[in-house]
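1. Structure for this input, please:
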Amino acid sequence: MNSFKLYKLFKLYKLYKLYKLYKLYKLYKLYKLYKLYKLYKLILSLSSGKHIIKEIEGVRCTVLDTGISEERMNFLKKLMEHNGFTVKADKEPKKDETLPDTYIIGVTSISFNPVIAIYDRQLRNQNGDIVTPAYWNQKTEESRGWYWKAVSS
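-> Numbers count the residues shown, from 1 in each chain. Sure thing, here's the model as predicted:
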């Protein structure tokens, strides 16, 4: 083999190695994005600071949560009524008859923002404890601790 062919083979080998490194980097980035997505799904409604207003039962309301089960709707309704808010809830229209019923829930106070209320520690549960994000998301029954401390599921 002459030196020119060796040089070309070496160049091709380097390109192949760079390509493999690039693919590994892309896989690593996808893995990181997947982890961030899982974290986002864990936090759910508190991850978005959006202040959504919709009409529920003919009244303009600040939306607390959408697409939730009846059990979660009752939990949020009791919690918000305990904190002095007027709560409105309604069934969401089904896209398919085989799907379970989902609900939308909101409070009539247009200036209320659930993210600010929870992280500013303004809400209390029935025991008088401060509502934490883990309690709001029903990850734990007790409402103690700080929001930056993780709760294992």
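2. who are the neighbours in contact with the nearest residue to N125 once chain neighbours are set aside?
-> Distances taken as CB to CB, 6 or more residues apart in numbering place S143 nearest to N125, at 4.9 Å, with adjacent residues excluded. Where you see a C-beta, it was placed from the backbone N, CA and C, and this is true even at glycine. By CB atoms under 8 Å, 6 or more residues apart in numbering, the contact set of S143 is N125, N127, D129, I130, V131, T132, Y135.
3. State the distance from the residue lying closest to the third one once chain neighbours are set aside to F75.
-> Beyond its immediate neighbours in the sequence, the residue positioned closest to D129 (CB to CB, 6+ apart) is S143, lying 4.1 Å away. According to CB to CB, to the nearest Å, S143 and F75 sit 12 Å apart.
4. hang on, the earlier thing: could you turn the buried ones of the contacts of S143 into a ChimeraX selection?
-> Buried members of these, defined by 16 or more other CB atoms under 10 Å, are picked up in ChimeraX with:
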select :125,130,131,132,135
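5. among the contacts of S143, which two are most distant?
-> Farthest pair in the contacts of S143 (CB to CB) is N127 and T132. Separation: 12.7 Å.
6. show me where the chain has strands.
-> Taking DSSP state E, the strands of the chain run over residues 53-56, 59-68, 87-91, 103-107.
7. ok so, going back, for R121, see how far away the residue nearest to N125 is.
-> According to CB to CB, S143 stands 10 Å off from R121.
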